[in-house]
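# I'd like to go over a predicted model; first the sequence, then the structure.
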Amino acid sequence: MSAAPPESHGVSRERAPERRIALFGGTFDPIHIGHLAVASAAERRFHLDEIHFIPAGRPPHKHRPGMASFADRYAMTSIACADHPRFVPSLAEAGAGQSGRDIFYSVDTVRHFKQKHHGTGAHFYFLLGADSFLRIATWKDYETLLGLCDFIVVSRPGFNVDSLRLVIPPELFARRGAPHAPLDPRAISLRRTVVYVLDTVSSHVSATEVRDRMDRNDSIHGIVPPRVEEYINKKALYRR
Ligand code: ATP
């Protein structure tokens, strides 16, 4: 059964019995300040103990020619997480020999984390932007995935969070008055889990913009963390 976010029950962090762990997957090509803003906002609102940033090995939906190597995307993710005590870079989708050549599906990654923490009382959230959630019906076994853990969907300019319900199959919705119904009126109760909406973040930054600026020889200062900027420049990433 799912737990509501702490503030909706008025439960303080100290009294919360379980570790709250968010899984934040992405291509991270490269990681940028939008990703960090999303993770920080979720950390605060849901009192998260750990946020695992999981660069995709070979992203099933976003593979493109000229993508930075897995090693570079993971390195940049690690650098960006370094100053944040609760941000953890993850090799969960690194694949054989950490080559980043294998395709991983979120449903399997969530199962992997849940198995690893089995019996510890950890509570899992899947963190993602509204653009990703609106495409969830294209993900492997997405109906199963929606029942594995709670979701935190973060608003993103240009995407309507009011339409999140439309991509969820009707049979997955909880019956009215279900015991785990969250107090947050914007949260969507599913049969076993809850989809929370976090609309306090509004970052226009995207990895596409970072790559486009590099391509045009424009500065990326301020839209990626300073050490990630340094890494991109040292390694001449995203230059033609
Ligand atoms: P690209 O521009 O290459 O498509 P991206 O900026 O969307 O990349 P990803 O690594 O694909 O970055 O995103 C990982 C996750 O972070 C996704 O769930 C995405 O929706 C979310 N995300 C990325 N940028 C933002 C943002 N500015 N606001 C909210 N969510 C975001």
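Okay, I see it. Residues are numbered from 1 along each chain as shown.
# The closest residue to the ligand within the chain: what's it in contact with?
In the chain, the residue that lies nearest the ligand is Gly129 (2.1 Å; CB to the nearest ligand atom). Quick note: C-beta positions are derived from backbone N, CA and C, even for glycine. With contact set as CB atoms under 8 Å, 6 or more residues apart in numbering, Gly129 has these partners: Val38, Val153, Val154, Ser155, Arg156, Phe159.
# Does at least one residue of the longest helix belonging to the chain sit close to the ligand?
Secondary structure of the chain per DSSP state H: the longest helix is helix 33-46. Yes - interface with the ligand: helix 33-46 contributes Gly34, His35, Val38 (CB under 6 Å from any ligand atom).
# Which of the contacts of Gly129 fall in helices?
Reading helices off the contacts of Gly129 with DSSP H, I get Val38.
# Between the residues of helix 33-46 next to the ligand, identify the one with the most neighbours.
When neighbours are counted by other CB atoms under 10 Å, His35 leads these with 26 neighbours.
# Hmm, that residue is touching Thr27, no?
No - using CB atoms under 8 Å as the test, His35 is too far from Thr27 to be in contact (10.4 Å).
# how much space between His84 and Leu36?
His84 sits 8 Å away from Leu36, going by CB to CB, to the nearest Å.
# can you check His112 too?
Using CB to CB, one obtains 24 Å as the distance from His112 to Leu36.
# How about Tyr125?
Taking CB to CB, one finds Tyr125 at 17 Å from Leu36.
# And for Val154?
In this view, Val154 and Leu36 are 12 Å apart by CB to CB.
# quick one, which of the two is more surrounded?
Using other CB under 10 Å as the criterion, Val154 and Leu36 rank with Val154 on top: 30 against 22.
# Look up the residues forming beta bridges with that one.
Note on Val154: beta-bridge partners Gly129, Leu198, judged by DSSP bridges.
# Pull the contacting residues for Thr109.
Leu23, Gly25, Ile54, Ala92, Glu93.
# Can you list the buried residues in stretch 233-240?
Within stretch 233-240, the residues that qualify as buried are Leu237, Tyr238, counting by 16 or more other CB atoms under 10 Å.
# quick one: average pLDDT of that stretch?
Average pLDDT, stretch 233-240: 92.
# gap between the two ends of it?
Stretch 233-240 has an end-to-end distance of 13 Å (CA to CA, to the nearest Å).
# Do that stretch and the ligand come into contact?
No - Stretch 233-240 stays clear of the ligand (CB under 6 Å from any ligand atom), getting no nearer than 11.0 Å.
# now stretch 101-110
No - under the criterion of CB under 6 Å from any ligand atom, the ligand is not reached by stretch 101-110; the shortest gap measures 10.1 Å.
# same thing with stretch 65-79?
No - judged by CB under 6 Å from any ligand atom, stretch 65-79 and the ligand are separated, with a smallest distance of 8.7 Å.
# distance between that stretch and the chain's centre?
17 Å (CA atoms, centre = their mean, to the nearest Å).
# and if you look at stretch 198-207?
Taking CA atoms, centre = their mean, one finds stretch 198-207 lying 12 Å from the centre of the chain it belongs to.
# Tell me which helix or strand the closest residue in space to Ala75 that isn't next to it in sequence sits in.
Sequence neighbours aside, Tyr231 is the residue nearest to Ala75 in space, at 6.6 Å (criterion: CB to CB, 6 or more residues apart in numbering). Using DSSP states H and E, Tyr231 sits in helix 226-234.
# got the angle for that helix vs helix 33-46?
Counting by axes from the mean of the first three to the mean of the last three CA atoms, to 10 degrees, helix 226-234 lies at 160 degrees to helix 33-46.
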